[in-house]
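**Student:** What follows is a predicted structure for the sequence shown.
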Amino acid sequence: MAFETLIVDITDHVCLIKLNRPDALNALNTEMVAELAEALTEAEANEKVRCIVLTGSEKAFAAGADISEMAELSFVEAFLTDIYARDADRITATRKPIIAAVSGYALGGGCELAMMCDFIIASDSAKFGQPEINLGICAGMGGTQRLTRFVGKSKAMDMHLTGRFMDAEEAERAGLVSRVVPTRKLQEEAMAAAQKIAEKSVVTAMAVKEAVNRSYETTLTEGVRFERRMFNALFATEDQAEGMAAFKEKREAQFRDK
Ligand code: DAK
């Protein structure tokens with residue numbers, strides 16, 4: 001499907017999705033959020049795709065939800081349409097791994113979108129923030145919950161209450177991003193990481209994603225139990241047999257997603 005607000009490209013086994021509303025610093029309007037949910041649904045269904053990279057422009061990953069679209073909303077309209085919510089849920093329902101490659105501004109809904117991915121690789125120019133308080137609103141796409149889990153209560157409160165931005169170095173120190181790379185290397189690094197993931201068994205990668213995400217949703221005891229069952233279950237796959245045989249035979253594993 002062709003998109004108005006995204007550029008989608010599949011190279012080898014990696015689907016690169018680029019947010020593309022440069023005039024509005026990739027502000028997320030309902031069309032873009034819906035298209036993103038659709039693109040991810042397609043990537044999920046496409047057997048060729050084994051990993052997804054979500055990125056923006058050098059200046060902005062996304063500068064937040066589209067303020068001009070939201071400005072005139074009444075409570076009843078926001079409540080009845082549940083603006084962005086269903087498509088945001090479709091984004092987090094994606095089971096294949098998603099890497100966010102963030103350069104420039106990742107603010108408000110943009111920061112929340114990056115946090116909805118599985119991990120974030122940031123360029124040294126990245127700036128993260130939850131400045132919704134400056135608009136008289138709070139975060140609406142999980143920012144109060146996810147940022148707190150990433151960086152702890154104190155820093156999350158600081159970000160949400162002051163609306164200040166966090167640079168890439170602070171974001172890495174705080175655990176929000178997994179690595180920081182020079183801006184010119186961002187796409188290359190993110191694609192290389194995705195390519196590495198794409199070499200694994202997609203069954204195992206999806207199981208790993210589900211198990212790690214479980215740690216956000218449940219108690220430690222239940223999470224560990226879930227992981228154990230997932231571990232047991234993977235012994236029913238041919239890819240487990242192949243992975244271990246390849247190790248013993250000192251060769252590269254040839255996973256077949258079986
Ligand atoms: N919305 C719409 N347009 C935006 C925008 C945004 N968030 N951010 C930037 N733009 C537009 C600017 O209006 C400008 O357009 P023109 O005037 O040229 O037509 C163009 O992008 C370039 O921006 P600037 O001229 O401002 O560029 P600067 O380099 O001077 O400044 C900036 C860059 C990122 C610091 C600044 O643009 C800025 O502060 N932007 C707003 C950042 C912000 O407040 N973001 C949070 C938005 S609220 C929900 C889910 C999610 C949300 C809510 C509910 N539900 C599921 C219920 C999320 C809410 C938000 O994200």
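**Tutor:** Structure's in. What do you need?

**Student:** contacts and neighbour counts: CA atoms only from here.
**Tutor:** Noted.

**Student:** looking at it, P182 is touching A126, isn't it?
**Tutor:** No - the criterion here is CA atoms under 8 Å, and P182 misses it with A126 at 10.1 Å.

**Student:** more neighbours, the two?
**Tutor:** Between P182 and A126, counted using other CA atoms under 10 Å, the more crowded position is A126 (26 against 13).

**Student:** How many residues are close by the nearest residue to that one once chain neighbours are set aside?
**Tutor:** Excluding the flanking residues, the one nearest A126 by CA to CA, 6 or more residues apart in numbering is G104, at 4.2 Å. Burial of G104, expressed as a neighbour count using other CA under 10 Å, amounts to 24.

**Student:** so G104 touches L25, yeah?
**Tutor:** No - applying CA under 8 Å, one finds G104 not in contact with L25, separated by 9.5 Å.

**Student:** how close does the residue nearest to A126 get to F165?
**Tutor:** 11 Å (CA to CA, to the nearest Å).

**Student:** And for K200?
**Tutor:** 36 Å.

**Student:** before we move on, back to that, model confidence score at the residue nearest to A126, please.
**Tutor:** Note for G104: predicted pLDDT of 98.

**Student:** Then M1?
**Tutor:** At M1, pLDDT is 77.

**Student:** What residues sit buried inside stretch 90-108?
**Tutor:** Buried residues in stretch 90-108, counted by 16 or more other CA atoms under 10 Å: 90-92, 94-108.

**Student:** And stretch 6-13, by the same measure?
**Tutor:** Using 16+ other CA under 10 Å as the test for burial, stretch 6-13 gives 6, 8, 13.

**Student:** How about N29, nearest residue that isn't a chain neighbour?
**Tutor:** D66 (5.1 Å).

**Student:** Enumerate every residue touching the one you found.
**Tutor:** Listed by CA atoms under 8 Å, 6 or more residues apart in numbering, the contact partners of D66 are 27-29.

**Student:** ok, and which of those reach the ligand?
**Tutor:** When contact is defined as CA under 6 Å from any ligand atom, the contacts of D66 meet the ligand at A27.

**Student:** Can you lay out the contacts of D66 as a markdown table showing secondary structure and pLDDT?
**Tutor:** Formatted as a markdown table, the contacts of D66 follow (DSSP: H, G, I helix; E, B strand; the rest coil; pLDDT from 0 to 100):
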| residue | secondary structure | pLDDT |
| --- | --- | --- |
| A27 | coil | 98 |
| L28 | strand | 97 |
| N29 | coil | 96 |
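
**Student:** so which of the contacts of D66 comes closest to the ligand?
**Tutor:** Nearest to the ligand among the contacts of D66: A27, at 4.8 Å, using CA to the nearest ligand atom.

**Student:** count of residues packed around the closest one?
**Tutor:** Residues contacting A27 under the criterion other CA under 10 Å number 28.
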